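Asker: I'd like to go over a predicted model; first the sequence, then the structure.
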Amino acid sequence: VSGRPFVTLLTDYGPGTEHVGALHAVIAARAPGAERVDLAHDVPPGDVRWGAILLARLAPLAPPGVHLAVVDPGVGSERRGLAAALRDGRHLVGPDNGLLGPAAAALGAEAAVELTAPEHRLEPVSATFHGRDVFAPAAAHLAGGGALGDLGPAVPPDSIRHPPMPEPRAGEAGIEAMAVGADRFGNVALLAGARELTAARMQPEDRVWVLVAGRRSRAVVGRTFADVPRGGLLVYVDSHGMLSLAVGGGNALKRLGVEPGEVVGVVAA
Amino acid sequence: VSGRPFVTLLTDYGPGTEHVGALHAVIAARAPGAERVDLAHDVPPGDVRWGAILLARLAPLAPPGVHLAVVDPGVGSERRGLAAALRDGRHLVGPDNGLLGPAAAALGAEAAVELTAPEHRLEPVSATFHGRDVFAPAAAHLAGGGALGDLGPAVPPDSIRHPPMPEPRAGEAGIEAMAVGADRFGNVALLAGARELTAARMQPEDRVWVLVAGRRSRAVVGRTFADVPRGGLLVYVDSHGMLSLAVGGGNALKRLGVEPGEVVGVVAA
Amino acid sequence: VSGRPFVTLLTDYGPGTEHVGALHAVIAARAPGAERVDLAHDVPPGDVRWGAILLARLAPLAPPGVHLAVVDPGVGSERRGLAAALRDGRHLVGPDNGLLGPAAAALGAEAAVELTAPEHRLEPVSATFHGRDVFAPAAAHLAGGGALGDLGPAVPPDSIRHPPMPEPRAGEAGIEAMAVGADRFGNVALLAGARELTAARMQPEDRVWVLVAGRRSRAVVGRTFADVPRGGLLVYVDSHGMLSLAVGGGNALKRLGVEPGEVVGVVAA
């Protein structure tokens, strides 16, 4: 068993891109003893909310360490760069644009600083690549055992921003919830869960309609992909507890033409 | 030289996705001393046969270790989850849907168990993400030196399933073989090899027709991409011994419009 | 802090592909103590110049080690395979088709050999996958502390080839420069920099026209993405010093329809 510190990485830089490579290179150079774990790099460009959901979902699965996250459409503008200390020795590093909020809440932020110390940045800091110049060096500093306070002045941990997460509506008339992301298989996650299914009195094997942009599609409530035939539309609670849409052997995102940010309805058939 | 155990990963989860990240996170948390090696994550969704071919091709290149593979369109249905012990201390872990068969045969499966032990799963096991909840914990257990028998009851190693691999036909009339996969460059691999070229009396510099879905395209038999001009269609034996199609400086998959599973003909011109 | 040797990887094999996995597997098997760092794998297929630019940009960020690079459209033809020793103990390994030139110049090549020694290749060497059979074994040899001279006969380090890099033109009439690459966000890099902006007397907040293939688009000179409204076209110097084009919250590559290799104009509005 290794005693090496872990640094996890989550970005919207795209898999296998030079931007991800630059983060790895900087961390490897500045914290050569750390082990780097890629959590996700295919967050849609600039989709802070989906990045925040994935970070809160994945960081707890990883060993305690430094969780670096960069989805940063406002790079170079006024938004702060932050590092936070969490319970059990974990740290979060990234832009304060909502990306860090859900993970900070789930893992318990106990202290935070704004990233301003020049000695832990690659100077001169570029206007467009703070991942390389600000966030990766800060993560490397923490991974190497450096103190949080070295990175800049303290800020209240409860000032860490959260992304907007519109509440679902659910009742006997059905469910309305926002689509917030999709995976490689085209399975679409909604901002709702098992509670909303219960509130709408829906259960496995029920036939329902899924409503997207004024169009309705037949679907079945189920538990797993085998519960619908090839091409059938499934409404289910995914492995993270989110109400989701899938197509058996197919791609619900493409089939329904739903966009993250759209409100989806699920009503009894 | 390191004495760390190796865990290799092969999935259809897509490069840089949260699903791949979850596997890495779980293995890093449960086997922190293990080194993780990504073999491939761009297997087309649910393409068990191509995943099985890649696993059998790549695992022997890697150091002895645990070879975790997940291409699992039937997750949540009846198919078994398996771990197998191979010659020279290697292990295989994944769903028993055909994915493991060719690697188990190539590397010599000596024992196998069905993955049922709750203490080596993330409970409650989800219905849709056994990679995270069942297979990664099992791989971590084995990487940490745990016994195969801890994971569940023994099953006969020769009960490990194989995917369908239709035999090619080859003779003086030419070759018929199934297209089974393509790489990033659009080079298309067929279920045939040098033996079929010989049986069809074809050799480098021969002019041939490639037949796909009733359409024929001029091609040349060759050894490497430089053997055809830019845009020319090449029939060659690839670096794994598979009869393959490529376009010089181009993409044979797109040019021919061939789909994995289609039968392709190669006949004398 | 670890004393493990580093091997970095840069290819056009595509993220998460079996070809990248094969390189990792071979290096892990032949240099088990080495740490592998992916720099980039999404170089467009066969784009040697863009690969060379990324290698020269990323390698200096990484710790001293072996920098393996493979963008090799001429695999199997006459081009040499090379390894070079650089200042501060770094090494370069890859095809001598221009890919290594800029990094060799930036990092200072002091010696070079042609890769011919059979004992450091996977024999029989395939005609189409020298990454696996020639370059990865050479990189592993060097990462394990092996001597450069073991890999083959010395060649003059100044014989390492460079890719064509057409000079920009800049003056009061504006700037003409070649587009050479784009990132995941669709930000397009030109072969020009701050010097050309100065020569054209352009500065932040200036309104300009961007000319691509006879079509002109309004743009603003700025420093970062927040300097244009959503959908606005930005001309800026990127984090590597290259003159670049971006669209606020959008994708300049798609918006302008520009192809790498095309000459782009920037003129006063």
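Answerer: Received it, and whenever you're ready, just let me know what you need. Computed from a prediction, not measured in an experiment: that's the story for all the values here.
Asker: tell me which parts of the stretch 1-150 of chain A are close to chain C?
Answerer: Of all the residues in the stretch 1-150 of chain A, those in contact range of chain C (CB under 8 Å from any CB of the partner chain) are A:4, A:12-22, A:24-26, A:28-29, A:32-33, A:45-46, A:73-77, A:126-129, A:132-133, A:144. For glycine as for every other residue, the C-beta is placed from the backbone atoms N, C-alpha and C.
Asker: can you do 7 Å?
Answerer: Remark: the part of the stretch 1-150 of chain A in contact with chain C comprises A:13-19, A:21-22, A:24-26, A:28-29, A:32-33, A:45-46, A:73-77, A:126-129, A:132, using CB under 7 Å from any CB of the partner chain.
Asker: Near the closest residue to chain B within the stretch 151-269 of chain A, how many other residues are there?
Answerer: With CB to the nearest CB, the shortest gap between the stretch 151-269 of chain A and chain B falls at A:Thr224, namely 2.8 Å. Applying other CB atoms under 10 Å in any protein chain shown, we find 21 other residues in the vicinity of A:Thr224.
Asker: how about the nearest residue to it, chain neighbours excluded?
Answerer: Nearest in space to A:Thr224, with sequence neighbours left out and distances taken as CB to CB, 6 or more residues apart in numbering or on different chains, is B:Gly76 at 2.8 Å.
Asker: Identify the residues contacting the one you found.
Answerer: Going by CB atoms under 7 Å, 6 or more residues apart in numbering or on different chains, B:Gly76 touches A:223-226, B:127-128.
Asker: Now that we have those, which of them are buried?
Answerer: Among those, the ones that count as buried by 16 or more other CB atoms under 10 Å in any protein chain shown are A:224-226, B:127-128.
Asker: Pull out the buried residues from the lengthiest strand in chain A.
Answerer: Here the longest strand in chain A is taken by residue count, with DSSP state E as the criterion, and it is strand A:174-182. Applying a neighbour-count criterion of 16+ other CB under 10 Å, one finds A:174-182 buried in strand A:174-182.
Asker: Save the residues you listed as JSON lines, and put in distance to chain B too.
Answerer: JSON lines is the format used below for the buried residues of strand A:174-182 (distance: CB to the nearest CB, whole Å):
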{"residue": "A:Gly174", "distance to chain B": "23"}
{"residue": "A:Ile175", "distance to chain B": "19"}
{"residue": "A:Glu176", "distance to chain B": "23"}
{"residue": "A:Ala177", "distance to chain B": "18"}
{"residue": "A:Met178", "distance to chain B": "19"}
{"residue": "A:Ala179", "distance to chain B": "16"}
{"residue": "A:Val180", "distance to chain B": "13"}
{"residue": "A:Gly181", "distance to chain B": "9"}
{"residue": "A:Ala182", "distance to chain B": "11"}
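Asker: and the stretch 101-250 of chain A, which residues reach chain B?
Answerer: Applying CB under 7 Å from any CB, one finds that the stretch 101-250 of chain A approaches chain B through A:183-185, A:223-226, A:238-239, A:249.
Asker: if you set the cut-off to 8 Å instead, what comes out?
Answerer: Looking at chain B, the residues of the stretch 101-250 of chain A close enough under CB under 8 Å from any CB are A:183-185, A:223-227, A:236, A:238-239, A:249.
Asker: Quick check: the two most widely separated of the buried ones among the contacts of B:Gly76?
Answerer: With distance counted by CB to CB, no two of the buried ones among the contacts of B:Gly76 lie farther apart than A:Ala226 and B:Thr128, which are 9.9 Å apart.
Asker: So, low pLDDT: which residues of chain A?
Answerer: Along chain A, the model assigns pLDDT under 70 to residues A:1-2.
Asker: which residues does the residue in it sticking out farthest from the centre contact?
Answerer: For chain A, the C-alpha farthest from the mean C-alpha position belongs to A:Ala269; by CA atoms, centre = their mean, that distance is 32.9 Å. Contacts of A:Ala269 were listed using CB atoms under 8 Å, 6 or more residues apart in numbering or on different chains, and they are A:206-209, A:218.
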